[in-house]
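[1] The following comprises the amino acid sequence and a computationally predicted model.
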Amino acid sequence: MIAASPPAAEASVAGHVPRQSYGRKSRVWQVVGRTLTYAVLLLWAFICLFPIYWTFTTSLKDQVAVLQGPTYIPFVDFEPSFIGWTDILGTPDQRDILFRNARNSLIVALGASTLAVVLGSMAGYGLTRFNYRFLIWRNRDISFWFLSQLILPPAAVVMPLLIFYRELRLLDTHLGLILLYTVINLPIVIWIMRDQFNSIPIELEQAALVDGATLFGAFLKIVVPVAGPGMVAAFILSVILAWNEYFFATVLTSINAVTMPILIATQVSSQGIKWWAMAAVATASIAPLVIIGVFLERYIVRGLTAGAVK
């Protein structure tokens, strides 16, 4: 005689939870987790973007609105004024100064970033494909030595650099800033590209070598296209670092190669700091970086997801 199976109700009483109950709980936790994730991301986006919004709204204030206290929304908390933009664009001389500084920053940032990515890509490729030995140092030690240069205080080298540049006639020149910013950006570019090349299978290059390609040809035709997103991410990071650098630009330039950060810092009059004009120059300085980020956003994402930045 075959015993009948217990009813569903008796199974539930015995401690068995129906599969549908598990499915509902799983969906609820997924919704809760997704909601919390989006809430954290929105909070972080607000924290990151609010200083930019504050700078832009400050450029639309006059002296009274700036000094009267926190005001956030134009036409609601304060009446917009374009006095800050008039201070930097009101006359032909003021426009020439702004455009000249922006041009200097663009030349220096693009030149230094291009050179840093070219040299850093070759250095990162060599550290991932060849075994080096210098005394007791190996590839990993050499990589950490490059990274350790980031902790070097700029004040410790500015005086030797000033003397060295004066002897080489590189003071207040685009070339002087490009060479210096290339050296400053090289450590981080090398590490980014080292991680990028580590994620590329070496079998791709071996197949190209078997087909008759040279080592440098395999690097240019096989590795570089695959590592393109990481190179773009490194390039954008280098542009941002070079564009925002202030300390060395202040010491090594005076007239011909003055950059945007210096123009921001010079918005001071006999009556004090012109916050509205400073905010207007800062907004004009941020705009090119925002445009670059918007147009190259897909490459940044691909570089991040490919392991280029860790």
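    That came in fine, so what should we check first? Only a predicted model underlies this, so the values are computations on that prediction, with no experimental measurement involved.

[2] and residue 100, what is it in contact with?
    Residues in contact with residue 100 (C-beta atoms under 8 Å, 6 or more residues apart in numbering) are residue 258. The C-beta positions use only the backbone N, C-alpha and C, and glycine is treated the same way.

[3] mind checking how far it is from residue 28?
    Remark: distance between residue 100 and residue 28 (C-beta to C-beta, to the nearest Å) = 60 Å.

[4] Give the buried residues for the longest helix along the chain.
    Using DSSP state H, we find that the single longest helix of the chain is helix 19-58. Of the residues in helix 19-58, 55, 56, 57, 58 count as buried by neighbour count, 16 or more other C-beta atoms under 10 Å.

[5] roughly how far apart are residue 121 and residue 195?
    12 Å.

[6] just residue 229 next, same as before
    12 Å.

[7] cool, residue 293 as well?
    21 Å.

[8] Next: residue 262.
    Applying C-beta to C-beta, the value for residue 262 to residue 195 is 34 Å.

[9] Okay, now the unreliable bits of the chain?
    1-23, 299-310 (pLDDT under 70).

[10] which residue packs closest to the residue most central in space within it, ignoring adjacent ones?
    Against the mean C-alpha coordinate of the chain, by C-alpha atoms, centre = their mean, the closest residue is residue 237 at 3.6 Å. Among residues not flanking residue 237 along the chain, residue 188 sits closest, at 6.6 Å (C-beta to C-beta, 6 or more residues apart in numbering).

[11] okay, residue 293 and residue 195: which has more neighbours?
    Set residue 293 next to residue 195 and count neighbours by other C-beta atoms under 10 Å: residue 195 wins out with 18 against 13.

[12] and that one, what element?
    If you go by DSSP states H and E, residue 195 is part of helix 174-198.

[13] Output the helix or strand following that helix as PDB - backbone C-alpha positions only.
    Using DSSP H and E, the next helix or strand after helix 174-198 towards the C-terminus is helix 203-210. In PDB, the C-alpha atoms belonging to helix 203-210 read as follows (Å, rounded to 0.1, in the frame of the first residue of the first chain):
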ATOM      1  CA  GLU A 203      48.400  35.400 -26.800                       C
ATOM      2  CA  LEU A 204      47.200  38.200 -29.000                       C
ATOM      3  CA  GLU A 205      50.700  39.600 -29.500                       C
ATOM      4  CA  GLN A 206      52.200  36.100 -29.900                       C
ATOM      5  CA  ALA A 207      49.700  35.400 -32.700                       C
ATOM      6  CA  ALA A 208      50.800  38.600 -34.400                       C
ATOM      7  CA  LEU A 209      54.400  37.700 -34.000                       C
ATOM      8  CA  VAL A 210      53.800  34.300 -35.600                       C
END
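
[14] what's downstream of helix 203-210, the next helix or strand?
    Next along from helix 203-210, by DSSP H and E: helix 215-218.

[15] any residues touching whichever helix or strand comes after that next one, and which ones?
    Downstream of helix 215-218, the first helix or strand assigned by DSSP H and E is helix 224-226. The list of residues contacting helix 224-226 from outside it, by C-beta under 8 Å, 6+ apart, reads 121, 200, 204, 231.

[16] so can I have JSON lines of those residues showing distance to residue 138 and neighbour count?
    Shown next, in JSON lines, are the contacts of helix 224-226 (distance: C-beta to C-beta, whole Å; neighbours: other C-beta atoms under 10 Å):
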{"residue": "121", "distance to residue 138": "21", "neighbour count": "25"}
{"residue": "200", "distance to residue 138": "21", "neighbour count": "19"}
{"residue": "204", "distance to residue 138": "25", "neighbour count": "13"}
{"residue": "231", "distance to residue 138": "25", "neighbour count": "23"}
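
[17] Just the closest of these to residue 48, please.
    For the contacts of helix 224-226, the minimum distance to residue 48 (C-beta to C-beta) is 24.5 Å, reached by residue 231.

[18] Tell me how many other residues crowd the closest residue to residue 57 other than its chain neighbours.
    Nearest non-adjacent residue to residue 57, counting by C-beta to C-beta, 6+ apart: residue 74, 6.3 Å away. Residue 74: 15 surrounding residues under other C-beta under 10 Å.

[19] now the helices for the stretch 201-310 of the chain?
    Secondary structure of the stretch 201-310 of the chain (DSSP state H, counting those that start in this stretch): helices located at 203-210, 215-218, 224-226, 228-244, 247-252, 260-265, 275-295, 297-305.
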